[in-house]
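Visitor: just the structure for this:
(chains A and B)
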Amino acid sequence: QKEVEQNSGPLSVPEGAIASLNCTYSDRGSQSFFWYRQYSGKSPELIMFIYSNGDKEDGRFTAQLNKASQYVSLLIRDSQPSDSATYLCAVRPDSGGYQKVTFGTGTKLQVIP
Amino acid sequence: NAGVTQTPKFRILKIGQSMTLQCTQDMNHNYMYWYRQDPGMGLKLIYYSVGAGITDKGEVPNGYNVSRSTTEDFPLRLELAAPSQTSVYFCASSYSTSGKTDTQYFGPGTRLTVL
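Guide: Coordinates of the predicted model:
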């Protein structure tokens, strides 16, 4: 069974610190990786996607992908209380056509003012 | 664009009742999905559709049915509701070409309780 593993948390960081969220996956054929943010009682919304090894930056967010080690991480710089949410990692096995995206159970982040 | 809309927002069903959860998207997306999310858990795929007239089962299809007669609409039917179907249901859609950046857009969800 293809799995996506995340630490459920909560991960508590002080305001202004760097939050580091990690995700490992079992399917070596995975090609695309997504980070979604979900506020309590709301629907998931995409923050970033990445499909090449290395780092991808978007504002305060950086996604890091290491296919050899089968992990993807999300760094949030200058964490704000508004970043407090559950972050879902999602993995897609291959490009082209329909490929089922598998979601992790999410890591709850708490940013302490 | 309204994006992905779902109705109703909340519903309480009695065991054995049936209902249809509605989902509509106005982004001309070809792919649509139904997920359920239990408390503290990730999203489990119930059914998906790659286009009008084409649907297929996901991880947890038992007790549900879908249809896709138009690009815009993807209703989810619950037959003979059971307490195990108490969950939050999300509909999502995406536009997949080469597929690498297959971003899914989610509706606001339907919170269903079966008593």
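
Visitor: where does the chain dip in pLDDT?
Guide: In the absence of a named chain, this looks at chain A. Filtered on pLDDT under 70, chain A yields the residue ranges A:1-2, A:94-99.

Visitor: oops, I was thinking of chain B
Guide: Checking chain B against pLDDT under 70 turns up B:97-101.

Visitor: excluding sequence neighbours, find me the nearest residue to the most centrally placed residue in it.
Guide: Central residue of chain B (Cα atoms, centre = their mean): residue B:34, 2.6 Å from the mean position. Nearest in space to residue B:34, with sequence neighbours left out and distances taken as Cβ to Cβ, 6 or more residues apart in numbering or on different chains, is residue B:46 at 4.3 Å. No exception for glycine: its C-beta is placed from N, CA and C like everyone else's.

Visitor: surely that neighbour is within a strand?
Guide: Yes - membership of residue B:46 in a strand is supported by DSSP: H, G, I helix; E, B strand; the rest coil.

Visitor: contact partners for it?
Guide: Neighbouring residues of residue B:46 by Cβ atoms under 8 Å, 6 or more residues apart in numbering or on different chains: B:34, B:35, B:36, B:58, B:59, B:60, B:61, B:64, B:66, B:76, B:89.

Visitor: reformat the residues you listed as a markdown table; add secondary structure.
Guide: Output for these, formatted as a markdown table (three-state DSSP):
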| residue | secondary structure |
| --- | --- |
| B:34 | strand |
| B:35 | strand |
| B:36 | strand |
| B:58 | coil |
| B:59 | coil |
| B:60 | coil |
| B:61 | coil |
| B:64 | strand |
| B:66 | strand |
| B:76 | strand |
| B:89 | strand |
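
Visitor: what packs against the helix or strand containing residue A:111?
Guide: Per DSSP states H and E, residue A:111 falls inside strand A:107-112. Other helices and strands packing on strand A:107-112, by 3 or more Cβ pairs under 8 Å, 6 or more residues apart in numbering or on different chains; DSSP states H and E, are strand A:11-14, strand A:19-25, strand A:85-92.

Visitor: report the buried residues of that strand.
Guide: A:107, A:108, A:109, A:111 (16 or more other Cβ atoms under 10 Å in any protein chain shown).

Visitor: can I get it in PDB, CA atoms only?
Guide: Below are the C-alpha coordinates for strand A:107-112, written out as PDB (Å, rounded to 0.1, in the frame of the first residue of the first chain):
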ATOM      1  CA  THR A 107       0.600  17.900  10.900                       C
ATOM      2  CA  LYS A 108      -1.000  20.500  13.200                       C
ATOM      3  CA  LEU A 109       1.000  23.600  13.500                       C
ATOM      4  CA  GLN A 110       0.600  26.100  16.400                       C
ATOM      5  CA  VAL A 111       2.400  29.400  16.200                       C
ATOM      6  CA  ILE A 112       2.600  30.900  19.700                       C
END
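
Visitor: between strand A:19-25 and it, find me the angle.
Guide: With axes from the mean of the first three to the mean of the last three Cα atoms, to 10 degrees as the basis, strand A:107-112 and strand A:19-25 are set at 180 degrees to each other.

Visitor: neighbouring strands for strand A:107-112, and are they parallel or not?
Guide: strand A:11-14 (parallel), strand A:85-92 (antiparallel) (DSSP bridges).

Visitor: all set now, cheers.
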